[in-house]
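**Q** A predicted structure for the sequence below; I have some questions about it.
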There are 2 protein chains.
Amino acid sequence: MRLSRYFLPVLKETPAEAQIVSHRYMLRAGMIKQASAGIYSWLPLGYKVLKKIENIVHEEQQRAGHMPMLMPTIQSADLWRESGRYDDYGEEMLRIKDRHDRDMLFTPTAEELITDIFRSHVGSYKDLPLTMYQIQWKFRDERRPRFGVMRGREFYMKDGYNFDLTKEDALHAYNRHLVSYLRTYERMGLQAIPMRADSGPIGGDDTHEFLVLAETGESEVFYDSAVTDLTFGDREIDYDDHAQCAGVMEEFTNLYARTDETHDEALFNEIPEERRKTARGIEVGQIFYFGTKYSEAMNAVVQGPDGKQVPVHMGSHGIGVSRLLGAIIEASHDDKGIIWPEGVTPFHVGIVNLKQGDAEADGACEALYKSLTALGLEPLYDDRDERAGGKFATMDLIGLPWRITVGPRGLKNGVVELTSRRTGESEELPPEQAVGRLTGIYNVAAQRG
Amino acid sequence: MRLSRYFLPVLKETPAEAQIVSHRYMLRAGMIKQASAGIYSWLPLGYKVLKKIENIVHEEQQRAGHMPMLMPTIQSADLWRESGRYDDYGEEMLRIKDRHDRDMLFTPTAEELITDIFRSHVGSYKDLPLTMYQIQWKFRDERRPRFGVMRGREFYMKDGYNFDLTKEDALHAYNRHLVSYLRTYERMGLQAIPMRADSGPIGGDDTHEFLVLAETGESEVFYDSAVTDLTFGDREIDYDDHAQCAGVMEEFTNLYARTDETHDEALFNEIPEERRKTARGIEVGQIFYFGTKYSEAMNAVVQGPDGKQVPVHMGSHGIGVSRLLGAIIEASHDDKGIIWPEGVTPFHVGIVNLKQGDAEADGACEALYKSLTALGLEPLYDDRDERAGGKFATMDLIGLPWRITVGPRGLKNGVVELTSRRTGESEELPPEQAVGRLTGIYNVAAQRG
């Protein structure tokens, strides 16, 4: 993409309403624009990152054997009355009357609707296990929406639902989700720690939240510092293997890590003092096993192997897709702007032309642009007629992990400059070597996928 | 995908509420399930086709230089009051009050919001031309929703908006959209004819609808039969070339083709009688040039080259993404089920094992499955223990364009059967040749993209 043709409305001033760094940078980098309180438009740069994150979530869900589908945003209140949650949900549910005066709502979550689909079509244990998920817009009418996309009213979420014959199978689904979530967050350059949590209006006893440690987190968390040494890494996993998934669950949850909702001071104090940590965390996902809560209320039963009708065991599992942009920025930025991890960066590399209009510099930039594009990389070429300082400031703000700087002086010696946004380190090398380095960096990232 | 693990709730009975063939087949093939009147869940098979169609729309929009972004579904009524459309829109607009009793709405279209984004960030003619688009859920509270996804209340739509300095530039954007739409529909196996239409609540004088001829169409259309001989085909197009785009516009719109809203009997009668046709059509897209209607109402101005502030010229352009599934099925089916065009089929080929459990047949199916997958094709393998007739009926209903049938008898002679869903013709050939044929068929399709 050439910046002269891109819609990137960068702001010089920090908007007054933005209290936290991710909100400030998303506004300043022209990623989002507020449409109403807690409701945002996603401008091209923000949309691009949102899609990258969405794609990683899709890939990891499908790798785990979960089937994508989609449920509507507007639902009838009837199913919610059947489960008993219509009145429970309170003012955060956006209630609507349609032209025929029927009670509708903008769905905040979809346990009822998916259970209705299940009971309409599935009657035998032979069709289990079954896990379906969607990535769809949700609405939660927060009293005080704030922190940009971190606590918006309209938000984009992956919600998945498993249906199993037995509690044991459903707990395998729970473990399988935990494993797939660990992979998902690591691909985004995030460390998200599973912590024992409270289930809230979803229900059930077994639930873990995934938290990214950050000063601006909404939750206070307590953990054994050894938990931050765990990484999922490149390990191969067979998602059908109960023992293997249970092993990962055990490894990632046996150390103490809890939110304030479930914190147990006595247990915490058993950790050696130097490893006892208190911090703040941003919730980026949650998994639940709630057994037969919905299947019993809504009569979602299957015939078991013995011919008897039994309610299915269920769980639901969410990832806050739009919120993740905020969480990633909170975890990865400096005072000049965002620092995108390679896995989610909107463009792989920025090209800065120090002397727009200089035939040699223009030609070298065009050649770089073409060869990067031909190799499947997406560069953002700042081809505007602006001074170098302004170009650098924009690149630093929008946070592309790599920058190639092209100027007449370097070209005389046959080199361009390759700079890491994270370390700030630069290296002079011939253009074709810079291209080679970048394909190496991103091929590694692609193989991880 | 193995059918034994897939959620494909095929119905034997035709649901009573479905009046037209696309609605019947989408329900029977387990593609959708009604959640409320005119509101559907997209089950895995339907979701897969929806995404294929969405991807084609994205690719063709970006090829034309249009930038993807995303606007929220819930908007404040304020902007709609500013444009004057809040009261105009009538009962089809879903109006909502949030917890603070503010007037909100579920957006049926987004001229106001995109104009607000534009006026907030763009101030100079140097930032033009600019075209952005989104593919997002919309809501139109139809009094009598019917025909499944063809006339639903919640629907998925691509809506794009161009901003230009002059009328001439905006008309180029109009032509550019027409060209990109022709490519888009052809890639889906559809002939969609641009017809002069009426602009309705969007406004403006210049507008064309794209109609697919089908008996179940909601519009009566009048056209010169020579228009159905036109195809866009493989031609190269430079979307920045005004004359080239205008040439395509001329070619595809100079023959008579109008909906009943703009039909002119006198003009129609000038066509030679044998080419004068009346039929019904399904609207699958519409393009508009409406000049300064919104930019003047909402003060979206830029500084021109002469330093004066001028309102921008705009147009908007829609493709009914979810509705296209219905239109494609109306245009492509027989009495056994759907016949997907290769460009949008949910799976590239079905594999039917005539004797599940037979070691040789199972092995041959697995080998086919693996080699097709390795080549980037997505097969649906019916590995259920069911009789051949049932397997064939399911494959015919869900409409995959190609089927490979594997049975012990053929395998003794080293062959499998490759069958075209469209023609019904079968051919016996060795498995590796069947794979070769399919990669040939779909490579051609991929190159067209």
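**A** That came through, no problem.

**Q** and the spatially closest residue to residue A:418 that is not a sequence neighbour, how close does it get to residue A:396?
**A** Once flanking residues are discounted, residue A:418 sits nearest to residue A:434: 4.7 Å by Cβ to Cβ, 6 or more residues apart in numbering or on different chains. C-beta: built from backbone N, CA, C; applies to glycine. Using Cβ to Cβ, to the nearest Å, residue A:434 is found at 19 Å from residue A:396.

**Q** between these two, who's got more neighbours?
**A** For residue A:434 versus residue A:396, the count of surrounding residues by other Cβ atoms under 10 Å in any protein chain shown is larger for residue A:434: 24 against 20.

**Q** confirm that one sits in a strand?
**A** No - the assignment for residue A:434 (DSSP: H, G, I helix; E, B strand; the rest coil) gives helix, which keeps it out of a strand.

**Q** gap between it and chain B?
**A** From residue A:434 across to chain B, the span is 26 Å (Cβ to the nearest Cβ, to the nearest Å).

**Q** closest residue of the stretch 101-250 of chain A to chain B?
**A** residue A:121 (3.6 Å; Cβ to the nearest Cβ).

**Q** check the offset of stretch A:136-146 from the chain's centre.
**A** How far stretch A:136-146 lies from its chain's middle: 17 Å, per Cα atoms, centre = their mean, to the nearest Å.

**Q** wait, isn't residue A:197 in contact with residue A:205?
**A** No - counting by Cβ atoms under 8 Å, residue A:197 sits too far from residue A:205 to count as a contact (10.9 Å).

**Q** so for the two, which residue has more residues nearby?
**A** residue A:197 (24 against 10).

**Q** which residue is the nearest non-sequential neighbour of the more buried one?
**A** residue A:209 (3.9 Å).

**Q** so who does residue A:179 touch?
**A** A:64, A:232, A:237, A:239, A:245, A:248-249 (Cβ atoms under 8 Å, 6 or more residues apart in numbering or on different chains).

**Q** do the same with residue A:419
**A** A:402-405, A:425-427.

**Q** need the contact list for the residue nearest to residue A:418.
**A** Residue A:434 neighbours (Cβ under 8 Å, 6+ apart): A:368, A:404, A:416, A:418.

**Q** okay, and for chain A, where does confidence drop off?
**A** Per-residue confidence for chain A (pLDDT under 70) gives these ranges: A:201-203, A:444-449.

**Q** again, only using 80
**A** Along chain A, the model assigns pLDDT under 80 to residues A:199-205, A:444-449.

**Q** where does the stretch 151-300 of chain A come near chain B, residue by residue?
**A** A:153-154 (Cβ under 8 Å from any Cβ of the partner chain).

**Q** can you give me the helices in the stretch 151-300 of chain A?
**A** A:167-187, A:242-253, A:265-268, A:293-297 (DSSP state H, counting those that start in this stretch).

**Q** of the ones you listed, which is nearest residue A:127?
**A** helix A:167-187 (12.8 Å; Cβ to Cβ).

**Q** may I have the closest one exported as CSV, CA atoms only?
**A** Output in CSV follows, covering the C-alpha atoms of helix A:167-187 (Å, rounded to 0.1, in the frame of the first residue of the first chain):
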residue,chain,number,x,y,z
LYS,A,167,-18.9,-34.7,32.0
GLU,A,168,-15.6,-36.3,31.2
ASP,A,169,-15.9,-35.6,27.5
ALA,A,170,-17.0,-32.0,28.3
LEU,A,171,-14.0,-31.5,30.5
HIS,A,172,-11.8,-32.7,27.6
ALA,A,173,-13.5,-30.0,25.5
TYR,A,174,-12.6,-27.5,28.2
ASN,A,175,-9.0,-28.6,28.2
ARG,A,176,-8.9,-28.6,24.4
HIS,A,177,-10.1,-25.0,24.5
LEU,A,178,-7.4,-24.1,27.0
VAL,A,179,-4.8,-25.5,24.7
SER,A,180,-6.1,-23.8,21.6
TYR,A,181,-6.3,-20.5,23.5
LEU,A,182,-2.7,-20.8,24.6
ARG,A,183,-1.6,-21.2,21.0
THR,A,184,-3.9,-18.4,19.9
TYR,A,185,-2.5,-15.8,22.3
GLU,A,186,1.1,-16.8,21.7
ARG,A,187,0.7,-16.3,18.0
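
**Q** what are the buried residues along that helix?
**A** Across helix A:167-187, burial judged by 16 or more other Cβ atoms under 10 Å in any protein chain shown covers A:169-187.

**Q** domain map for chain A?
**A** Here the domain assignment for chain A is A:3-338, A:349-448, based on automatic domain parsing.

**Q** now the end-to-end length of the longest one.
**A** So the one you mean is domain A:3-338. 18 Å (Cα to Cα, to the nearest Å).

**Q** okay, and residue A:58 sits in which element?
**A** Assigned by DSSP states H and E, residue A:58 belongs to helix A:44-63.

**Q** separation between residue A:340 and residue A:150?
**A** Counting by Cβ to Cβ - residue A:340 and residue A:150 are separated by 17 Å.

**Q** how about the contacts made by the nearest residue to residue A:183 once chain neighbours are set aside?
**A** Using Cβ to Cβ, 6+ apart and skipping the chain neighbours, the partner closest in space to residue A:183 is residue A:60 (5.2 Å). Residue A:60 makes contact with A:180-181, A:183-184, A:187, according to Cβ under 8 Å, 6+ apart.

**Q** equivalent analysis for residue A:347, please.
**A** Applying Cβ under 8 Å, 6+ apart, the residues near residue A:347 are A:1, A:48, A:378-380, A:400.

**Q** same thing with residue A:268?
**A** A:222, A:256, A:258, A:276.

**Q** ok, now residue A:309?
**A** Residue A:309 touches A:301-303, counting by Cβ under 8 Å, 6+ apart.

**Q** now residue A:183
**A** A:60, A:63, A:232, A:237 are the contacts of residue A:183 under Cβ under 8 Å, 6+ apart.

**Q** quick one: which of those residues is nearest residue B:291?
**A** Distances from the contacts of residue A:183 to residue B:291 were compared by Cβ to Cβ; the smallest belongs to residue A:60, at 47.2 Å.

**Q** before we move on, the earlier item: just checking, which of the contacts of residue A:419 belong to strands?
**A** A:402-405, A:426-427 (DSSP state E).

**Q** what kind of secondary structure is the nearest residue to residue A:107 once chain neighbours are set aside in?
**A** Distances taken as Cβ to Cβ, 6+ apart put residue A:75 closest to residue A:107, at 5.0 Å, once the chain neighbours are dropped. Under three-state DSSP, residue A:75 falls in the strand class.

**Q** tell me what residue A:75 is bridged to.
**A** Beta bridges link residue A:75 to residue A:105 when assigned by DSSP bridges.

**Q** give me the neighbour count for it.
**A** Neighbours of residue A:75 under the rule other Cβ under 10 Å: 23.

**Q** try residue A:90
**A** 9.

**Q** and the contacts of residue A:60, which is closest to residue B:7?
**A** Closest to residue B:7, out of all of the contacts of residue A:60 and judged by Cβ to Cβ, is residue A:180, at 18.2 Å.

**Q** now do the same contact list for that closest one.
**A** Per Cβ under 8 Å, 6+ apart, neighbours of residue A:180: A:60-61, A:63-64, A:66, A:239.

**Q** now it: how far from residue A:71?
**A** 20 Å.

**Q** residue A:334 now?
**A** Distance from residue A:334 to residue A:71, by Cβ to Cβ: 40 Å.

**Q** more neighbours, those two?
**A** Between residue A:334 and residue A:71, residue A:71 has the larger neighbour count (other Cβ under 10 Å), namely 24 against 13.
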